[in-house]
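1. Model the structure of this input:
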Amino acid sequence: GSSALVNPVAAAQLDRVPMLAISGQIESSREPYFTHQVLDHNQIFSPITKWAARVESTAVATMMRRALRQATAERPGAIHLTVPADVAKREATDADVVLPPMEASL
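-> Numbering: from 1, shown residues only. Below is the predicted model:
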């Protein structure tokens, strides 16, 4: 599924369209040993996004704020986040996500 995101993410980046793409990944502990369809998302998406990162349960709100802020900042574009299956099962331990302002303040 993640490889199918390459074209739309690259198009969003080139067209300066804010986009947040999120891909799942197998459990972190299985990555070094699993041989089928384990892609390094950061290597794939870093060249075609403003930011590509892996989400950890201790920094979900921080990463989401950064992702949304960067996607909508000057020269909007694409962001890609990877969520390993074991992280997706955990409860986020940081603060709530606060969306960045969508309009300039006067």
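2. Show the model's pLDDT score for the residue nearest the centre of the chain.
-> Residue closest to the average C-alpha location in the chain (Cα atoms, centre = their mean): residue 81, at 1.6 Å. The model reports residue 81 with a pLDDT of 95.
3. Same check on residue 51?
-> Reported pLDDT for residue 51: 95.
4. next one: residue 96
-> Note for residue 96: predicted pLDDT of 68.
5. So the residue nearest to the centre of the chain, which state does it fall into?
-> Following DSSP: H, G, I helix; E, B strand; the rest coil, residue 81 is assigned to strand.
6. For the longest helix seen in the chain, enumerate the helices and strands it packs against.
-> As assigned by DSSP state H, the longest helix anywhere in the chain is helix 60-72. Applying 3 or more Cβ pairs under 8 Å, 6 or more residues apart in numbering; DSSP states H and E, we find helix 60-72 packed against strand 19-25, strand 51-54, strand 78-84. All C-beta spots, glycine's among them, are computed from the backbone N, C-alpha and C.
7. The shortest one pairs with which strands, parallel or anti?
-> Read that as strand 51-54. If you go by DSSP bridges, strand 51-54 pairs up with strand 78-84 (parallel).
8. what do you get for the first one?
-> Strand 19-25 has the following strand partners under DSSP bridges: strand 78-84 (parallel).
9. Return the list of helices and strands in contact with the following helix or strand past the strand it pairs with.
-> Once the chain leaves strand 78-84, the next helix or strand it forms, by DSSP states H and E, is helix 85-89. Contacts defined by 3+ Cβ pairs under 8 Å, 6+ apart place helix 85-89 against strand 19-25.
10. quick revisit: the longest helix of the chain vs strand 19-25, what angle?
-> Angle, helix 60-72 to strand 19-25, by axes from the mean of the first three to the mean of the last three Cα atoms, to 10 degrees: 140 degrees.
11. Cool, thanks, talk later.
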